[in-house]
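# using only what follows, build the 3D model:
(one chain, ligands or ions: 1)
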Amino acid sequence: MKKKILVARAVFPEVLARLEQHFEVASNQQDEPLTAAQLADQLRDKEGAFTTGGERIDAQLLAAAPALKICANMAVGYNNFDLPAMTARGVLGTNTPDVLTETTADFGFALLMATARRVTESEHFLRAGKWQRWSYDMFAGSDVHGTTLGILGMGRIGQGIARRGAHGFGMAVIYHNRSRLPAATEAQCKARYVSKEELLRTADHLVLVLPYSPESHHAIGAAELALMKPTANLINIARGGIVDDAALAAALRARTIAAAGLDVYEGEPKLHPDLLTVPNVVLTPHIASSTVPTRRAMADLAADNLIGFLVNGKPLTPLNPEVLAKGR
Ligand code: DGY
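Residues are numbered from 1 along each chain as shown. Next comes the predicted model:
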């Protein structure tokens, strides 16, 4: 008999078809996000769940899902998982590292450049029919080449952004991270380790790529923004909640920093209303990993984790491998 799984959000039909070869699948191709109560109800009799960052897996949900053995997240970030609670109940969590690294780093750079060069602000001006003549300071922005790139959170994606900045744009790269990188990695990225304060005070473009956790909540708030140069740009492709969005909107309005590029928000998909009214911010809807090949690779890896674990006993990218050792 096939094991039962839930695919909690819509996914590529080919990936769904592959899962259906191995499992009895309940799917959500209509893509209505499930409430916590609906998710718990759907998972009551399931051994596996294909999740995205929008499905919260916590102790309360796990108590309602006694058969659950694995949640395979189609995301590298997994702050929607209460991993200690999952481990305590013997539920494996998996994510999708590596397959999105370069695509996400590309987007970090795209957002940096769009922000520095005021791409969306000038496009809105043009579409509104306001362009009458060329002028010497029209949408004059910040340079990217030869400036200082700061990176907060120097994991795989941060390193990808550092390489692009150092090797492609001749930027001086500085970074801050929980732990310093090995010298060889620093050399590849041409990156110099600095304190968080020096990073904030020195960067012309500060890119946030750190994971969200209670420790990184509001890592960038009013005090940190006040340390940044008035000419600096802030880019957040990490997670909502790392930046205090109200403080950022106030800094943008007061122009104590020049501009921001944001792909993630506190409480997304809702946005702090002030972010929608300040002109010096580029806003995108959490799409940093969204290219067709990369989203397909992420979906395939999440499916491979479900098949690997529930059919063959070997997941590819486990987050809490201690569950495997316990052999539930
Ligand atoms: C990730 O993979 O964590 C991205 O943010 C997509 O959700």
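
# going by C-alpha atoms from here, please, whenever you check contacts or count neighbours.
Fine.

# now do the contacts for the closest residue to Gly141 other than its chain neighbours.
Excluding the flanking residues, the one nearest Gly141 by Cα to Cα, 6 or more residues apart in numbering is Arg117, at 4.9 Å. The contact partners of Arg117, by Cα atoms under 8 Å, 6 or more residues apart in numbering, come to 139-143.

# would you map the helices across the stretch 201-328 of the chain?
Counting by DSSP state H, counting those that start in this stretch, one finds helices in the stretch 201-328 of the chain at the ranges 222-227, 245-254, 292-310, 322-326.

# the residue in the chain positioned nearest to the ligand in helix, strand or coil?
The minimum distance from the chain to the ligand, using Cα to the nearest ligand atom, falls at Ala75 (3.2 Å). Ala75 falls in the coil class when you classify it by DSSP: H, G, I helix; E, B strand; the rest coil.

# return the residues of the stretch 1-150 of the chain in contact with the ligand.
53, 75-77 (Cα under 6 Å from any ligand atom).

# which residue is nearest the centroid of this structure?
In the chain, the centroid-proximal residue (Cα atoms, centre = their mean) is Ala238; its distance is 4.2 Å.

# thinking that one is in contact with Leu210, fair?
Yes. Between Ala238 and Leu210 there is a contact under Cα atoms under 8 Å: 5.8 Å.

# any idea what Leu206 is bridged to?
Applying DSSP bridges to Leu206 gives these bridge partners: Gly150, Leu234.

# isn't it up against Gly153?
No. Counting by Cα under 8 Å, Gly153 is not a contact partner of Leu206; they are 10.7 Å apart.

# not counting residues beside it along the chain, what's closest to Asn79?
In space, and not counting its chain neighbours, Asn79 is closest to Tyr212: 6.4 Å by Cα to Cα, 6+ apart.

# surely the one you found and Phe81 touch.
No. Counting by Cα under 8 Å, Tyr212 sits too far from Phe81 to count as a contact (11.5 Å).

# coming back round to it: got a pLDDT number for the residue nearest to the centre of the chain?
Ala238 carries a pLDDT value of 98.

# residues in contact with the nearest residue in space to it that is not next to it in sequence?
Distances taken as Cα to Cα, 6+ apart put Val209 closest to Ala238, at 4.6 Å, once the chain neighbours are dropped. By Cα under 8 Å, 6+ apart, Val209 lies in contact with 151-155, 157-158, 236-238.

# domains of the protein?
3-99+292-326, 101-283 (automatic domain parsing).

# ends of the first one, what's the gap?
Terminal residues of domain 3-99+292-326 lie 21 Å apart, using Cα to Cα, to the nearest Å.

# strands of this protein, start to end?
All strands of the chain, identified by DSSP state E, fall at 3-7, 23-27, 48-51, 70-73, 92-94, 148-152, 172-176, 191-193, 205-208, 233-236, 259-262, 281-283.

# picking that back up, the residue nearest to Gly141 and Val282, how far apart?
Relative to Val282, and taking Cα to Cα, Arg117 is found at 10 Å.

# got phi/psi on Ile237?
Dihedral angles phi and psi of Ile237 (degrees, to the nearest 10) take the values phi -120, psi 20.

# now do the buried residues in the least confident helix or strand in the chain by mean pLDDT.
Within the chain, no helix or strand scores below helix 322-326, which has a mean of 89 by mean pLDDT, DSSP states H and E. Neighbour-count burial for helix 322-326, counted by 16 or more other Cα atoms under 10 Å, picks out 323-324.
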